[in-house]
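1. predicted structure and sequence below. I'll ask about it afterward.
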Amino acid sequence: MPQLRAIPDADQSTRLKARESWHILGIISEFIEATERLAAVRPAVSIFGSARLKPGDRWYEFTIGLARELSDAGFTVISGGGPGIMEAANLGAQAGRSPSVGLNIQLPMEEASNRYQDISVNFRHFFARKVSFAKYASAFVAAPGGFGTLDELAEVLTLIQTGMGRRIPVILVDATFWGGLLEWMRTQQLGRGLISPDDLDLIQVIDDQHQVVEAIFEFYQSRGFEPTEREDESLLSL
């Protein structure tokens, strides 16, 4: 693609620059809205999982119960705002005492946002949405899911590993589902020296609803839920 200065038609160049400028302003507006809507939601737990799981599925029902218990324990619950596990997370959270948050994004092949949200933030850009998941969460819980769930899991692990995000609990539910991936991490990534042994310690696998909540509280027992000054500084770099 030619550089704007190389475009001989001044009108065309102006149109391109105007379009890109509006695009940048749109991205900024998403960050501003997310900051205004979510600044007071801490402590919060982000829950991920498949949009394709239906009511009646074991992990859909598990997520409802977990989100309700987290909400009653004082945690805002954040989901992607869509169907499946996201819906279950918002449904359970809304039935509890704390806010149910949906970070919604419009996708061409996905159903509309679920209706169980006390706070809804809408995004057009995946990366702005991912920053919000990472910035405001005190813990991550990943249920069985597809590429999007893997994307979010890899994102949060990378942020913690590199020190760009603060250390928080990362909990996987359904040991059978995640077992193959974890074994691949041990044999291939760790076995070839591509990650450190400590990196695998960032992940917990817990299939009991109450133990998930207990693990989050245990992690923060000695340090409190508020980010330290250093962690706040690192979060500004997301």
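-> In hand now; what should we look at?

2. centroid-nearest residue for this structure?
-> Phe133 (3.7 Å; C-alpha atoms, centre = their mean).

3. need the helices for the protein, in chain order.
-> For the chain, the helices defined by DSSP state H cover 10-38, 58-72, 85-94, 126-136, 147-162, 175-184, 197-200, 209-220, 229-235.

4. mind showing which ranges of the chain have poor pLDDT?
-> Scanning the chain for pLDDT under 70 picks out 1-18, 109-111, 228-229, 231-238.

5. domain-wise, how is the chain divided?
-> Using automatic domain parsing, the domain parsing of the chain gives 1-39, 41-235.

6. looking at those, which is buried most?
-> Mean neighbour count, computed with mean count of other C-beta atoms under 10 Å, is highest for domain 41-235 among those, reaching a mean of 18. Where you see a C-beta, it was placed from the backbone N, CA and C, and this is true even at glycine.

7. and that domain, how far out from the chain's middle?
-> The chain centroid and the centroid of domain 41-235 are separated by 5 Å under C-alpha atoms, centre = their mean, to the nearest Å.

8. how long is stretch 189-202 end to end?
-> For stretch 189-202, the first-to-last residue distance is 14 Å (C-alpha to C-alpha, to the nearest Å).

9. which residues touch it?
-> Stretch 189-202 has contacts (C-beta atoms under 8 Å, 6 or more residues apart in numbering) with Leu157, Ile160, Gln161, Arg167, Val170, Leu182, Met185, Arg186, Gln188.

10. in CSV, list those along with distance to Val213.
-> Formatted as CSV, the contacts of stretch 189-202 follow (distance: C-beta to C-beta, whole Å):
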residue, distance to Val213
Leu157, 21
Ile160, 20
Gln161, 25
Arg167, 19
Val170, 15
Leu182, 22
Met185, 25
Arg186, 27
Gln188, 32
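
11. circling back: wait, the residue nearest to the centre of the chain sits on Ser46?
-> Yes. The criterion here is C-beta atoms under 8 Å, and Phe133 meets it with Ser46 at 5.0 Å.

12. who's in contact with the residue nearest to the centre of the chain?
-> Counting by C-beta under 8 Å, 6+ apart, Phe133 touches Ser46, Ile78, Leu103, Glu152, Glu155, Val156.

13. what is the nearest of the residues you listed to Thr35?
-> Leu103 (12.8 Å; C-beta to C-beta).

14. and that closest one, how far from Pro144?
-> 20 Å (C-beta to C-beta, to the nearest Å).

15. about what we covered before: farthest pair in the contacts of stretch 189-202?
-> Arg167 and Gln188 (24.3 Å).

16. residue contacts, the residue lying closest to Pro169 once chain neighbours are set aside?
-> Nearest residue to Pro169, sequence neighbours excluded (C-beta to C-beta, 6 or more residues apart in numbering): Ala139, at 4.3 Å. Counting by C-beta under 8 Å, 6+ apart, Ala139 touches Val45, Ser46, Phe75, Ile168, Pro169, Val170, Ile171, Ile216, Phe219.

17. what is the nearest of these to Phe126?
-> Using C-beta to C-beta, the shortest approach to Phe126 within the contacts of Ala139 belongs to Ser46, at 14.7 Å.
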